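Student: Okay, sequence plus prediction incoming.
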Amino acid sequence: MADFDLHKFLINDQPYTFLFEVIIRVFIAYSVVFIFLKISGRRGVQQLSLFEVVIILTLGSASGDVTFYDDVPVLPVIMVFVVLLLLYRLTTWAMSHSPALSKLIEGDVVTLISHGKYVAANLDKLNISEDEFLMELRQDGAEHLGQIRLGLVEVDGQLSLYFYKNEDVVPGLSVLPAEHRPCFTLIPHDGRYACNRCGLTQPLRAGDQLDCPECGRNVWSLALETRRT
């Protein structure tokens, strides 16, 4: 068994003075990404569109190797930054002059909730789990869909909710976790129920087994009418 080489384990064939070069390389890579964010006019990661995330990932990949590989020169990374910035400016200019291109690159705002129920045609367009989506609704202060007049999924994936006034709240599908939202295919007692798929509400009688007239699903939960506090 070969003797353990601590120097090779820690820094391979480089001298320890290379660590000072690493500091400079990291500073340059950090500055390049930071300058791009400043020039693009964004103040936070949550404001980045999908297109801008791709740009940042590409820049990060280019600048990552230069931070700790001594055989990777710095100037090509600077050139990558300049070219990406020019491409970014060109693409944003083209998007501002072409709504079709803007929609193709960044997508479109999706109306997910309208007048207290889901827009069924848009449910399958979203790449998000039901539990994650319901969590976002709860974090925004919603207990059921009947409190929400309009719910939009923005192009950056953020959720925008517009609530009814308390006096205008309608019965709606609960957004609480499953343990607080019993579901039924056989209605246990008379009341107003909400379809667990689309949120359509209607009065049902004990013993009913009904497919939703809007989406065709047959799972129901008791509709809530609570107001926001």
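Tutor: Received, thanks. Numbers count the residues shown, from 1 in each chain.
Student: for the worst-scoring helix or strand of the chain on mean pLDDT, the distance to its chain's centre please.
Tutor: Least confident helix or strand of the chain, by mean pLDDT, DSSP states H and E, is helix 50-66 with a mean of 71. How far helix 50-66 lies from its chain's middle: 19 Å, per Cα atoms, centre = their mean, to the nearest Å.
Student: measure the nearest residue to Ile35 once chain neighbours are set aside to Thr58 for me?
Tutor: Nearest residue to Ile35, sequence neighbours excluded (Cβ to Cβ, 6 or more residues apart in numbering): Phe81, at 7.7 Å. For glycine as for every other residue, the C-beta is placed from the backbone atoms N, C-alpha and C. In this view, Phe81 and Thr58 are 10 Å apart by Cβ to Cβ, to the nearest Å.
Student: ok, these two, which is more surrounded?
Tutor: Taking neighbours as other Cβ atoms under 10 Å, Phe81 and Thr58 compare with Phe81 leading, 21 against 13.
Student: what secondary structure does the residue nearest the centre of the chain sit in?
Tutor: In the chain, the centroid-proximal residue (Cα atoms, centre = their mean) is Gly157; its distance is 3.8 Å. At Gly157 the chain is in coil, as set by DSSP: H, G, I helix; E, B strand; the rest coil.
Student: do you know how far it is from Gln147?
Tutor: Gly157 sits 22 Å away from Gln147, going by Cβ to Cβ.
Student: On the three-state scheme, Leu10 is what?
Tutor: Secondary structure, three-state DSSP: Leu10 is helix.
Student: okay, now it: neighbour count?
Tutor: By other Cβ under 10 Å, 10 other residues sit near Leu10.
Student: Could you do Ile55 as well?
Tutor: Neighbourhood size, Ile55 [other Cβ under 10 Å]: 18.
Student: which residues touch it?
Tutor: Ile55 makes contacts with Phe36, Leu84, Leu87, Tyr88, as judged by Cβ atoms under 8 Å, 6 or more residues apart in numbering.
Student: farthest-separated two in those residues?
Tutor: Across the contacts of Ile55, the longest distance by Cβ to Cβ is 11.5 Å; it joins Phe36 and Leu87.
Student: Show me which of the two is the more surrounded one.
Tutor: More neighbours surround Phe36 than the other of Phe36 and Leu87, with 18 against 12 (other Cβ under 10 Å).
Student: orientation of the host helix or strand of the more buried one relative to helix 50-66 in degrees?
Tutor: Under the criterion of DSSP states H and E, Phe36 resides in helix 18-40. For helix 18-40 against helix 50-66, the angle by axes from the mean of the first three to the mean of the last three Cα atoms, to 10 degrees is 160 degrees.
Student: Make 105 the first number, not 1, from now on.
Tutor: Shifting the count to begin at 105 puts that one at helix 122-144.
Student: Can I get helix 122-144 as CSV, trimmed to CA atoms?
Tutor: Provided in CSV are the C-alpha atoms of helix 122-144 (Å, rounded to 0.1, in the frame of the first residue of the first chain):
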residue,chain,number,x,y,z
PHE,A,122,-1.4,28.8,-5.9
LEU,A,123,-4.1,29.4,-3.2
PHE,A,124,-3.5,33.1,-3.6
GLU,A,125,-4.1,32.8,-7.3
VAL,A,126,-7.3,30.9,-6.5
ILE,A,127,-8.5,33.9,-4.4
ILE,A,128,-7.9,36.2,-7.4
ARG,A,129,-9.7,33.9,-9.8
VAL,A,130,-12.7,33.5,-7.5
PHE,A,131,-12.9,37.3,-7.2
ILE,A,132,-12.9,37.7,-10.9
ALA,A,133,-15.5,35.0,-11.5
TYR,A,134,-17.7,36.5,-8.7
SER,A,135,-17.3,40.0,-10.2
VAL,A,136,-18.3,38.8,-13.7
VAL,A,137,-21.6,37.2,-12.5
PHE,A,138,-22.3,40.2,-10.2
ILE,A,139,-21.7,42.7,-12.9
PHE,A,140,-24.0,40.8,-15.3
LEU,A,141,-26.8,40.9,-12.7
LYS,A,142,-26.3,44.6,-12.2
ILE,A,143,-26.2,45.4,-15.9
SER,A,144,-29.3,43.3,-16.5
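Student: Brilliant, that's me finished.
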